[in-house]
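>>> Task: produce atomic coordinates for the following.
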Amino acid sequence: MPADKQFDPLWAWGEDGHAPRVLHSMIRVRDVDAALRFYCDGLGMAVLDRYDIEAGRFSIIFLSYAGYRDGPAAIELTYNWDQNEDYTHGSGYGHIAIGVPNVAAMWSRLAEFGGRQGTAPKSLMPGAPELAFVYDPDGYAIELIQISREPVRAE
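As a prediction, the model looks like this:
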C-alpha cells in the first residue's frame, strides 16, 4: 500500500486486489465466550475485529492467525443475540481445516478449551501427514492437519 494512502478498517480485506482469494468462513455460535476460549485460547487464533450491530441484533467477530491481507483466511463467528435454540449444521457443512505442528498434542489439548474429541490422530496413507477431528463448543467439525514432518513436542 502506498505510504500516502490511509488504511481504512472497513476495507480490511484490501481495496486494490486483482485476483480472487478465500477471505473467511462464517459459523454461527451460541456462546461467544466459549467459542473464543476454544479458538483463541485453545487453537491460538487472535481476534482481529468485533462488530456489534445493534440494528440487526448480531455481533460478528473475525479471528485469524495473521492479519486480513497477508495471512491465511479468517473465521467469522456470528452471534445472533436473540437465538434461543441450538443451530443445526445441516448435511452440507464439512469442516474447518487448521494446520498444527503436533496433531496428537492439539487433539488432546482442546478438551481443556471446550472441545470434544472426534476422530483420533491417524494418517490416511503411509507417509502422509497425520490428521484428527475435534468439535468446537457449538459442534462444528475442526480438522487438525500435521504441518511439520517432525511433530513439535509441546503446543
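>>> wait, what's in contact with the closest residue to residue 141 other than its chain neighbours?
Leaving out its chain neighbours, the residue that sits closest to residue 141 by Cβ to Cβ, 6 or more residues apart in numbering is residue 95, at 3.9 Å. In short, each C-beta sits where N, CA and C put it, glycine included. When contacts are counted by Cβ atoms under 8 Å, 6 or more residues apart in numbering, residue 95 is found next to 133, 140-143.
>>> And the pLDDT for the nearest residue to residue 73 once chain neighbours are set aside?
What sits nearest to residue 73 in space, not counting adjacent residues and going by Cβ to Cβ, 6+ apart, is residue 22, at 4.3 Å. pLDDT recorded at residue 22 is 76.
>>> what secondary structure does residue 22 sit in?
coil (DSSP: H, G, I helix; E, B strand; the rest coil).
>>> just for the chain, where's the confidence low?
1-18, 151-155 (pLDDT under 70).
>>> so how far is residue 32 from residue 21?
The spacing between residue 21 and residue 32, counted by Cβ to Cβ, to the nearest Å, is 27 Å.
>>> Just the ones of the contacts of residue 95 in strands?
Secondary structure from DSSP state E places 133, 141-143 of the contacts of residue 95 in strands.
>>> out of those residues, who has the most neighbours?
The most crowded member of the ones in strands among the contacts of residue 95, judged by other Cβ atoms under 10 Å, is residue 142 (23 neighbours).
>>> hey, what's that one bridged with?
Taking DSSP bridges as the rule, residue 142 bridges to residue 96, residue 134.
>>> Now the element after the helix ranked longest in the chain, going C-ward?
In the chain, assigned by DSSP state H, the helix with the most residues is helix 103-109. Once helix 103-109 ends, the next helix or strand along the chain (criterion: DSSP states H and E) is strand 116-117.
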